[in-house]
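Visitor: Let me see the structure of the following:
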Amino acid sequence: MSETEDLQTVAAGLQTDGSAAVDYDSIYFCKSSGSTAYLRFYPDGTVIRVSSEGEPKKVIKWFNRENSDIENKGAFKIAQGKISCTTNADHSQSIDHNGTVYPDKLVLSSYSNINGNKRDNLEFLLYTEKKKAAAYSGRNEGK
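Guide: From the prediction side, this is the model:
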């Protein structure tokens, strides 16, 4: 596959192997236990993470790597529909995520190297500015 074909495939929401890709122009959110975790991905392999009580339609406007208040940054890899990423506020406080990429969500397991907390089957739903905020739901609340 040529470089142009690779770029067209990724732009269409697919990896070069035909599996789902993350959306670089959107955010992913998972509401759980009163707060919401957000992830945002970039084509260079960077991922950022934040917890916020804000709704996705507001968070998407300020949640980007240019915002100096975002401390949880890291890297991600995707291969054959599987994703792994690690974010850290500093080198000793990382959170690892591993799971599956779907066209409209990520289903991830999470492990905190900060406090040893492990959670499985977290649904991080895709949110774009084009999507209505009604997609923001308490799907993962209480898990």
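Visitor: Closest to the centroid, which residue in the protein?
Guide: Centroid-nearest residue in the chain, with C-alpha atoms, centre = their mean: residue 39, separated by 3.3 Å.
Visitor: remind me which residues of the protein are low pLDDT?
Guide: 1-19, 90-92, 130-143 (pLDDT under 70).
Visitor: what ranges do the helices span in it?
Guide: Taking DSSP state H as the test, the helices found in the chain are 3-11, 56-62.
Visitor: Hmm, residue 52 and the residue nearest to the centre of the chain touching each other?
Guide: No: counting by C-beta atoms under 8 Å, residue 39 does not reach residue 52; the two are 11.8 Å apart. Where you see a C-beta, it was placed from the backbone N, CA and C, and this is true even at glycine.
Visitor: Specify the beta-bridge partners of residue 97.
Guide: In this entry, residue 97 is beta-bridged to residue 85, residue 110, by DSSP bridges.
Visitor: Contact partners for it?
Guide: If a contact means C-beta atoms under 8 Å, 6 or more residues apart in numbering, then residue 97 has 39, 83, 84, 85, 86, 87, 106, 108, 109, 110 as its contacts.
Visitor: Count the neighbours of the third one for me.
Guide: In this case it means residue 84. Counted with other C-beta atoms under 10 Å, the neighbours of residue 84 add up to 14.
Visitor: on that earlier part again, looking at the contacts of residue 97, which is nearest residue 62?
Guide: Each of those was scored against residue 62 by C-beta to C-beta, and residue 39 proved nearest at 14.8 Å.
Visitor: Please report how far the closest one lies from residue 67.
Guide: 14 Å (C-beta to C-beta, to the nearest Å).
Visitor: With that, I have no additional questions.
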